[in-house]
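[1] need a 3D model of the following:
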Amino acid sequence: MEIPKPTESELQVLQVLWQNGASTVRFVNDEIAKQKTVGYTTTLKIMQMMTEKGLLKRVSTDEKAHIFEAAISEQETQQKLLDKFLDATFKGSAMKLVMQALGNHQTSQNELDEIKKLIEQIEKNK
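    Predicted coordinates:
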């Protein structure tokens, strides 16, 4: 079964869980509320729907707290979203994506060094 593409709200929930591990709905809601206004019941409903979709797992439920964790990894999710974006926006051309990103973004020397290392690593593995 393929995991569905997370919505923007679902990605916010996943970001909190990837950074903090298994968490209560209250904690996730409080973290998201630092960026935008969102009610507890809205966050709970989103997390329940995410569980039905296979994006989250319910770790435990007691009378006071619902605890959830991400059912998919951050890296796997990023890869799937990037693949879909690359295909839809750049017709599968990684070069066009990189050229666009580097041309419209102030890239630090440290980032350029990391990109160079990655290119060297890819070339060694071919």
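[2] please parse this structure into its domains.
    Domains of the chain are assigned by automatic domain parsing as 8-70, 74-124.
[3] and these, which one averages the lowest pLDDT?
    Set side by side, those give their lowest mean pLDDT on domain 74-124, at a mean of 87.
[4] and among the domains of the chain, the most buried is which?
    domain 8-70 (a mean of 15; mean count of other Cβ atoms under 10 Å). Heads up, the C-betas are built off the backbone N, CA and C, glycines and all.
[5] distance between the ends of that domain?
    Distance across domain 8-70, first residue to last, is 15 Å (Cα to Cα, to the nearest Å).
[6] returning to that earlier point: columns distance to E2 on top of the domains of the chain, output as TSV?
    Converted to TSV, the domains of the chain look like this (distance: least, Cβ to Cβ, whole Å):
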stretch	distance to E2
domain 8-70	9
domain 74-124	9
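[7] C-alpha coordinates for stretch 50-67, CSV please?
    Below are the C-alpha coordinates for stretch 50-67, written out as CSV (Å, rounded to 0.1, in the frame of the first residue of the first chain):
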residue,chain,number,x,y,z
MET,A,50,-3.5,10.8,9.5
THR,A,51,-3.6,7.6,11.5
GLU,A,52,-6.4,6.3,9.2
LYS,A,53,-4.2,7.1,6.1
GLY,A,54,-1.2,5.3,7.6
LEU,A,55,0.9,8.5,8.2
LEU,A,56,0.8,8.2,12.0
LYS,A,57,0.7,5.4,14.6
ARG,A,58,-1.1,5.7,17.9
VAL,A,59,1.4,4.8,20.5
SER,A,60,-1.0,4.8,23.5
THR,A,61,-4.2,6.3,24.8
ASP,A,62,-5.0,6.9,28.4
GLU,A,63,-7.8,9.0,29.9
LYS,A,64,-5.8,12.2,29.5
ALA,A,65,-3.5,12.0,26.5
HIS,A,66,-3.4,10.6,23.0
ILE,A,67,0.2,9.8,22.0
